[in-house]
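The sequence and its predicted three-dimensional model are supplied below.
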Amino acid sequence: MNGQRDPTDPHVAAWLGDRPEGDRGDDAFLALSLITIWATRTGRTLRAVPIGELTADELEDFWADDQLWPAPVFQGPRE
């Protein structure tokens, strides 16, 4: 699709909301890009609604990364 977002795609339209095309801004597209990358990496999905309608629990479940815990412990510089 030559690198452009398709506002007719229901998932894109849901994330960008009802704002006019010129008012959507790069922040919404960046958020959509990050969410898409994370969903592809983890296999998790979010409801296809504007991001403001997602609950805190839904967002925490989506962004939580069980592969990062326990976090690596810094052992200090190698000698």
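Happy to help now that I have it.

drop to CA atoms for contacts and neighbour counts, all remaining ones
Fine.

low pLDDT regions in the protein?
1-25, 67-73, 79 (pLDDT under 70).

ranges for the helices of it?
10-16, 25-42, 56-63 (DSSP state H).

Could I get these in TSV, plus columns for mean neighbour count and distance to Arg78?
Output for the helices of the chain, formatted as TSV (neighbours: other Cα atoms under 10 Å; distance: least, Cα to Cα, whole Å):
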stretch	mean neighbour count	distance to Arg78
helix 10-16	18	46
helix 25-42	13	32
helix 56-63	12	33
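
so can I have JSON lines of the ones you listed showing distance to Gln75?
Shown next, in JSON lines, are the helices of the chain (distance: least, Cα to Cα, whole Å):
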{"stretch": "helix 10-16", "distance to Gln75": "42"}
{"stretch": "helix 25-42", "distance to Gln75": "29"}
{"stretch": "helix 56-63", "distance to Gln75": "27"}
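
if we compare the ones you listed, which one ends up closest to Phe74?
helix 56-63 (23.9 Å; Cα to Cα).

what sits up against the closest one?
Helix 56-63 has contacts (Cα atoms under 8 Å, 6 or more residues apart in numbering) with 38, 44-46.

ok, 7 Å please
With contact meaning Cα atoms under 7 Å, 6 or more residues apart in numbering, helix 56-63 is reached by 44-45.

what's the angle from it to helix 25-42?
Per axes from the mean of the first three to the mean of the last three Cα atoms, to 10 degrees, the angle that helix 56-63 makes with helix 25-42 is 60 degrees.

Export helix 56-63 to PDB, keeping only CA atoms.
Extracted C-alpha coordinates of helix 56-63, given in PDB (Å, rounded to 0.1, in the frame of the first residue of the first chain):
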ATOM      1  CA  ALA A  56      -6.100   0.400  32.100                       C
ATOM      2  CA  ASP A  57      -6.200  -3.400  32.600                       C
ATOM      3  CA  GLU A  58      -6.400  -4.000  28.900                       C
ATOM      4  CA  LEU A  59      -3.400  -1.700  28.300                       C
ATOM      5  CA  GLU A  60      -1.400  -3.300  31.100                       C
ATOM      6  CA  ASP A  61      -2.100  -6.800  29.800                       C
ATOM      7  CA  PHE A  62      -1.200  -5.800  26.300                       C
ATOM      8  CA  TRP A  63       2.100  -4.100  27.100                       C
END
